[in-house]
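A.B. asks: Build the 3D model from these lines:
(2 chains)
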Amino acid sequence: MSVDSIIRDSATSRRGLRWWNLLVRELEVFLRASFGSVFSREFLTVLIPLLILWEALPRLGIVPRTLVPPPSAVVMTFRDMVVDLNMLEHVTSSAIRFGAGFLLALITAFPIGVLMGWNLFIRKHALPLFQILAPVPPPAWVPITIILFGVGLPMQIFLIFLGVFYPILFNTYQGIKETDPRYLASARVFGASEFTLITRVYIWHALGSVIMGIKIGIALGLIMLVISEMYGGRSGIGWLLLEAKEYFQIDRMVVCMVLLGFIGWFLIEVMKYIELKLAVWRIGR
Amino acid sequence: MIEAKRISKFFSVVNDDRTAEGFTVLNSVSLRIESGSFVSLLGPSGCGKSTFLEILAGLQAPSDGQVWIDDKLVLEPLPATRKDMEEYRKKYRFLSPIANSLFRDNPKHDIAMIFQDYAVFPWMTARQNVLFTLKLRGVHKSEREGAAAYYLRLVGLVGSENKYPSQLSGGMRQRLALARALSVEPRIILMDEPFAAVDALTRERLQEDLLRLWQETKKTIVLVTHDVDEAVYLSDEVVVFSPLPGSIRNKVVVDIPRPRRRSSSEIREIKERLLAMYRYDTVHESDYSI
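C.D. replies: Numbering: from 1, shown residues only, chains lettered A, B, ... in the order given. Presented below is the predicted three-dimensional model:
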């Protein structure tokens, strides 16, 4: 084996190792930022007494146990649901619906928002349409959507799409429109084309409000996820919730609610992490 | 060479009681700036000199008059009649007249500009800022890194290449703006009160750096300032603007050989003359209003 190939081998293995280290380090950053705030000493002093109270009140009979299941019972029910009801499958099907609706909204709302913020001509033609349609509450779309798409995946994806679309659209538009004209002027003097302005100036300046729009979109999308599953389909967390209502299983309802809360919290934490990674330049301001 | 022919700029302002009011910022300013010279535009704050510079750079269209840079028209003046305005609107319906092309990075004129508040992009590091302008000028990819390193070294930003503007001090940010402007090797650099926001000591050092760079590269520099010392010390010719509406009050040629000393008697003499003019203008301000 020649000396060169040894050096090359060690270099590639080091690169492989570095890639792995980077992943572990980034994961650590993410976990510390997200779970760190929940399991901080300050919040635990609030959380633990609350949990104890929640456990103690039904057990001591101060509130009826049939109406308020204590956390220990909720945990047991969760385990049962995972085993007996194929909970994982329901969560996966909800995730697929949400992911499809969310992505569809992102890839349409973001470009439209950018174009409307960038160009007056496009804005004047397109914005009033969205301003009229946006105030229609997304749940009001449920009946007509069921008639148009029938009950099933397309209808659910469309309803989630409606919830996510407008927050991303309007926040993107607002952020792009309010781009500091000084930055535009300085890029134009150096010869930037309009396309370069969009990709290198507008979008970066609007990053904060775009991510804010996505966060609101996630929250509204989850609402629409539950509504769409309640109205159609035989799977998903929303459907489980409705089933639990039919049979008056309060512990199962609580499991579904906690699960939805956890999913929403987790997605928002992911967005925070992405914002941190994309907007390194804001640190120290 | 920059040639401004009878540049005027009006704004119409709508008052609270819905009456319209005309507002003249620049009143028939004609100016010829030879290649390789260092010219200062001096005037009190808010006299339209920054507007004039933006018109020179093609960032605003004049209401009347034309600017020619190296015999190329910068922007056509705004239309005066309603009929012309309709045609103008139709012509620029989709893209504003100050925009470059839609997809191709191509500057209209060989100029660079330095803004009062730097306007370096906060989302790019110092190095990326310079690389970006080099890319806009169509410098080949293989040459960009070297050129960026060279110009950052030239302005004394070694060691801060990978810092973001928010991590740099005001003086360093201004150096970065200077590096960015020099890196594209323009024939003309327009500066809008570049040293107004830095402390006195940093300002003197930046002025020395600017003079050194100007003497090495022989670019045309147009400097807008309200600092009489700065104008006299740096430039070949000081153009004095009167208070609103901005028009050229006087031109003073500073024919003191370089290198100059800040405290020399010739400089002090010219400074006194300029200050006397200033004082007269502020006392007799009404004489200039129309």
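
A.B. asks: In the stretch 51-200 of chain B, what residue comes closest to chain A?
C.D. replies: Nearest residue of the stretch 51-200 of chain B to chain A (Cβ to the nearest Cβ) works out as B:P107 at 3.1 Å. C-beta: built from backbone N, CA, C; applies to glycine.

A.B. asks: Could you report the neighbour count for that residue?
C.D. replies: 20 (other Cβ atoms under 10 Å in any protein chain shown).

A.B. asks: OK, contacts around it?
C.D. replies: Shown in contact with B:P107 (Cβ atoms under 8 Å, 6 or more residues apart in numbering or on different chains): A:189-191, B:100, B:136-137.

A.B. asks: correct me, but B:L211 touches B:E230?
C.D. replies: No: proximity of B:L211 to B:E230 does not meet the contact threshold set by Cβ atoms under 8 Å, at 11.0 Å.

A.B. asks: Tell me which of those two has more neighbours.
C.D. replies: Neighbour totals were compared for B:L211 and B:E230, and B:E230 leads with 21 against 18 (other Cβ under 10 Å).

A.B. asks: That one looks like it's in a strand, true?
C.D. replies: No: per DSSP: H, G, I helix; E, B strand; the rest coil, B:E230 lies outside any strand segment and is helix.

A.B. asks: Show me the shaky parts of the chain.
C.D. replies: Reading this off chain A. For chain A, applying pLDDT under 70 flags the ranges A:1-17, A:283-285.

A.B. asks: wrong one, I was asking about chain B
C.D. replies: Ranges of chain B meeting pLDDT under 70: B:285-290.

A.B. asks: could you show me where the strands are in it, in order?
C.D. replies: B:2-14, B:20-33, B:38-42, B:64-69, B:72-73, B:111-114, B:188-192, B:220-225, B:237-241, B:248-253 (DSSP state E).

A.B. asks: Please identify which of those is closest to chain A.
C.D. replies: Of these, nearest to chain A by Cβ to the nearest Cβ is strand B:111-114, at 4.5 Å.

A.B. asks: The closest one packs against which elements?
C.D. replies: Counting by 3 or more Cβ pairs under 8 Å, 6 or more residues apart in numbering or on different chains; DSSP states H and E, the packing neighbours recorded for strand B:111-114 are helix A:181-189, helix B:49-57, helix B:170-183, strand B:188-192.

A.B. asks: Include mean neighbour count and distance to B:A80 when you put these into CSV, please.
C.D. replies: Below are those laid out as CSV (neighbours: other Cβ atoms under 10 Å in any protein chain shown; distance: least, Cβ to Cβ, whole Å):
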stretch, mean neighbour count, distance to B:A80
helix A:181-189, 21, 25
helix B:49-57, 24, 16
helix B:170-183, 24, 34
strand B:188-192, 23, 27
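
A.B. asks: And those: which comes nearest A:T172?
C.D. replies: helix A:181-189 (17.0 Å; Cβ to Cβ).

A.B. asks: what sits against A:F130?
C.D. replies: Neighbours of A:F130 in contact, by Cβ under 8 Å, 6+ apart: A:166, A:169-170.

A.B. asks: Need the three-state assignment for the residue in the stretch 51-200 of chain A positioned nearest to chain B.
C.D. replies: Across the stretch 51-200 of chain A, the shortest distance to chain B (Cβ to the nearest Cβ) belongs to A:G191, at 3.1 Å. Assigned with three-state DSSP, A:G191 falls in the coil class.

A.B. asks: Correct me if wrong: it contacts B:N106.
C.D. replies: Yes: with contact defined as Cβ under 8 Å, A:G191 counts as touching B:N106 (5.4 Å).

A.B. asks: what sits in contact with each of the two?
C.D. replies: Taking Cβ under 8 Å, 6+ apart as the criterion, A:G191 and B:N106 both touch B:N100.

A.B. asks: okay, now residue 76: neighbour count?
C.D. replies: Looking at chain A here, since you left the chain open. The burial count for A:M76: 14, using other Cβ under 10 Å.

A.B. asks: try again with chain B
C.D. replies: For B:E76, the neighbour count with other Cβ under 10 Å is 12.

A.B. asks: list the contacts for the closest residue to it other than its chain neighbours?
C.D. replies: Nearest-residue entry for B:E76: B:A61, 7.0 Å, with adjacent residues in sequence omitted and distances by Cβ to Cβ, 6 or more residues apart in numbering or on different chains. Residues in contact with B:A61, defined by Cβ under 8 Å, 6+ apart, are B:55, B:75-78, B:97-98.

A.B. asks: quick one: which of the residues you listed sit in helices?
C.D. replies: B:I55 (DSSP state H).

A.B. asks: how many other residues sit next to residue 146?
C.D. replies: Picked chain A for this. A:I146 has 16 nearby residues by other Cβ under 10 Å.

A.B. asks: Chain B is the one I meant
C.D. replies: Per other Cβ under 10 Å, the neighbour tally for B:G146 reads 10.

A.B. asks: And B:P79, by the same measure?
C.D. replies: 16.

A.B. asks: ok, it to B:K91 distance?
C.D. replies: 10 Å (Cβ to Cβ, to the nearest Å).

A.B. asks: What of B:I2?
C.D. replies: For B:I2 relative to B:K91 (Cβ to Cβ), the value is 26 Å.
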